[in-house]
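Peer 1: Quick one: sequence plus predicted model below, questions after.
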Amino acid sequence: LQRAQAALACGDQTAAGQLGDVGIDRCYERINQGHWKDVERVWRVAYSAFSLVCALALQVGVERGDTGVLERATQYCDMGLLFGAPFAEDQLSILAEHMVAEHGDVAPEEPASKRPHTDEGAFVITLDHAALPSVPAARSVPRVALPSMEAFQRIIDVGEAR
């Protein structure tokens, strides 16, 4: 983290971004090793710090108005806020708010023809059934409507359904 911060301070955005990505990957591995309560807070703070370094390393491209760079910088902020922990007076959140205030929403707009029709802003999920794999009959789950306790025990013990 110190090397990434030093590279950023010297104006070497490329090195800062690369070191930040390496740090994010390492922290991500540690964060996802077990239950969230068992992860030491320092790994979440480090994740946020590396995310901030990466977002700041991209700031030069953001200042030029490069939309792709702006999206990546915003993604670093979002991921740092989601996986990380607040630190240094919540600088990551402040940077994210600043980017949105200066450059607006950077989410790519999906064409209207690709979006499902919704009524009154309802959330709709569409599913392509042709893309789902078929389940062979031998592996299908038998359906039994309210078996008796004896029948249930027999199903569990023997593995057969009536």
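Peer 2: That came in fine, so what should we check first? Because the structure is a prediction, the values reported are computed rather than measured.

Peer 1: does residue 157 sit in a helix or strand, and which one?
Peer 2: Secondary-structure element containing residue 157, defined by DSSP states H and E: helix 149-158.

Peer 1: ditto for residue 42
Peer 2: In this structure, residue 42 sits in helix 41-57 according to DSSP H and E.

Peer 1: do residue 101 as well
Peer 2: Of the helices and strands defined by DSSP H and E, residue 101 is found in helix 91-103.

Peer 1: what sits up against that helix?
Peer 2: Taking contacts as CB atoms under 8 Å, 6 or more residues apart in numbering, the residues outside helix 91-103 that touch it are 48, 51-52, 55-56, 62, 65, 70, 73-74, 77-78, 80-81, 84, 86, 106. Using the backbone N, CA and C atoms, a C-beta is placed for each residue, glycine as well.

Peer 1: Just the buried ones from the residues you listed?
Peer 2: For the contacts of helix 91-103, a burial check counting by 16 or more other CB atoms under 10 Å picks out 48, 51-52, 55-56, 62, 70, 73-74, 77, 80-81, 84, 106.

Peer 1: I'd like those residues as a markdown table, with distance to residue 11 and pLDDT appended.
Peer 2: As requested, the buried ones among the contacts of helix 91-103 are arranged in a markdown table below (distance: CB to CB, whole Å; pLDDT from 0 to 100):
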| residue | distance to residue 11 | pLDDT |
| --- | --- | --- |
| 48 | 23 | 90 |
| 51 | 20 | 92 |
| 52 | 17 | 89 |
| 55 | 16 | 89 |
| 56 | 11 | 87 |
| 62 | 15 | 67 |
| 70 | 20 | 82 |
| 73 | 17 | 87 |
| 74 | 22 | 87 |
| 77 | 21 | 90 |
| 80 | 22 | 91 |
| 81 | 26 | 90 |
| 84 | 25 | 88 |
| 106 | 24 | 54 |
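
Peer 1: where do the helices sit along this structure?
Peer 2: 2-9, 13-31, 41-57, 59-63, 67-83, 91-103, 149-158 (DSSP state H).

Peer 1: rank the ones you listed by mean pLDDT and give me the bottom one.
Peer 2: Among these, helix 59-63 carries the lowest mean pLDDT, at a mean of 70.
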